[in-house]
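In: okay, predicted coordinates and the sequence, questions at the end:
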Amino acid sequence: MANEEHVALLKQGAEAWNAWRHENPDIRPDLSRADLYEANLHGASLHGTNLHRAYLRGAVLTGANLSEANLSRARLIGANLCEANLRGTNLRGANLGEVNLTGANLIGTDLRGAVLGRANLREANLTGVSLSEANLRGADLGRANLTGANLTGASLANTKFCHTTMPDGTENNRDCSPESESTQPARPNPGEATSAPE
């Protein structure tokens, strides 16, 4: 279970939290199973944090540092992780349905068995990621980099590929259209959450 002092600190906001982490670099925060529903954690320093089974539905984590964090089986449905650092993060079995991961750094992340249905992964760096048995149904992988990724057993039904670098280094343009060639979707403003149905 989460350390209640750590949860209370985080709920004071990213500025106070980051200052505490700077002063206590040897403490590994424990936020496991914490209820962080729709929390605004923009720019939060959460590297190495234990967020196992945390409830982060609709949370704003834009630009947050979650490198080497444990988010296994966490629930992040509809969360905004635009341009977040998730390098080496454990997301095994996590629910990331409809999450915004535009431009996120996911190099070496463990996403085995994760749910990424209808997730926005445009321009995300997924180099060396393990996506075996992951659910990517309806996800947008436009301009994402999947070099060296493991897609064994992954569900890719209705997944969108456009200028996507595949695991073998080839480019997949299967779903490119004239509109996608000429228009780039606007990224959400930092601090803006996305929503998803239950």
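Out: That came through, no problem.

In: name the residues of stretch 10-20 that are buried.
Out: By neighbour count on 16 or more other C-beta atoms under 10 Å, the buried set for stretch 10-20 is 10, 14, 17, 20. No exception for glycine: its C-beta is placed from N, CA and C like everyone else's.

In: could you list which residues are in contact with Ser130?
Out: Shown in contact with Ser130 (C-beta atoms under 8 Å, 6 or more residues apart in numbering): 109-112, 149-150.

In: bridge partners for it, pull those for me.
Out: Asp110, Asn150 (DSSP bridges).

In: state the distance from it to Asp30.
Out: Taking C-beta to C-beta, to the nearest Å as the measure, Ser130 falls 25 Å from Asp30.

In: repeat for Leu46
Out: On the measure of C-beta to C-beta, Leu46 and Asp30 end up 12 Å apart.

In: which of those two has more neighbours?
Out: Using other C-beta atoms under 10 Å, the more surrounded residue of Leu46 and Asp30 is Leu46, with 27 against 19.

In: the more buried one touches Ala69, doesn't it?
Out: Yes: checked against C-beta atoms under 8 Å, the pair Leu46 and Ala69 is within contact range at 5.5 Å.

In: which parts of the protein are helices?
Out: 4-10, 14-23, 178-182 (DSSP state H).

In: can you redo those as CSV with mean pLDDT and distance to His163?
Out: Putting those into CSV (pLDDT from 0 to 100; distance: least, C-beta to C-beta, whole Å) gives the following:
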stretch, mean pLDDT, distance to His163
helix 4-10, 97, 37
helix 14-23, 98, 33
helix 178-182, 59, 8
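
In: can I get those in a markdown table including distance to Ala134?
Out: A markdown table is the format used below for the helices of the chain (distance: least, C-beta to C-beta, whole Å):
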| stretch | distance to Ala134 |
| --- | --- |
| helix 4-10 | 28 |
| helix 14-23 | 29 |
| helix 178-182 | 24 |
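
In: which one of those helices lies nearest to Leu91?
Out: helix 4-10 (19.1 Å; C-beta to C-beta).

In: by contact count, what packs against the closest one?
Out: helix 14-23 (3 or more C-beta pairs under 8 Å, 6 or more residues apart in numbering; DSSP states H and E).

In: dump the helix it packs on to PDB, restricted to CA.
Out: Taking Å, rounded to 0.1, in the frame of the first residue of the first chain, the C-alpha atoms of helix 14-23 are listed here in PDB:
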ATOM      1  CA  ALA A  14       4.400  19.100  -8.700                       C
ATOM      2  CA  GLU A  15       6.400  22.000  -7.400                       C
ATOM      3  CA  ALA A  16       6.300  21.000  -3.800                       C
ATOM      4  CA  TRP A  17       6.800  17.300  -4.700                       C
ATOM      5  CA  ASN A  18       9.800  18.000  -6.900                       C
ATOM      6  CA  ALA A  19      11.400  20.100  -4.200                       C
ATOM      7  CA  TRP A  20      11.000  17.300  -1.700                       C
ATOM      8  CA  ARG A  21      12.500  14.800  -4.100                       C
ATOM      9  CA  HIS A  22      15.400  17.000  -4.700                       C
ATOM     10  CA  GLU A  23      16.000  17.200  -1.000                       C
END
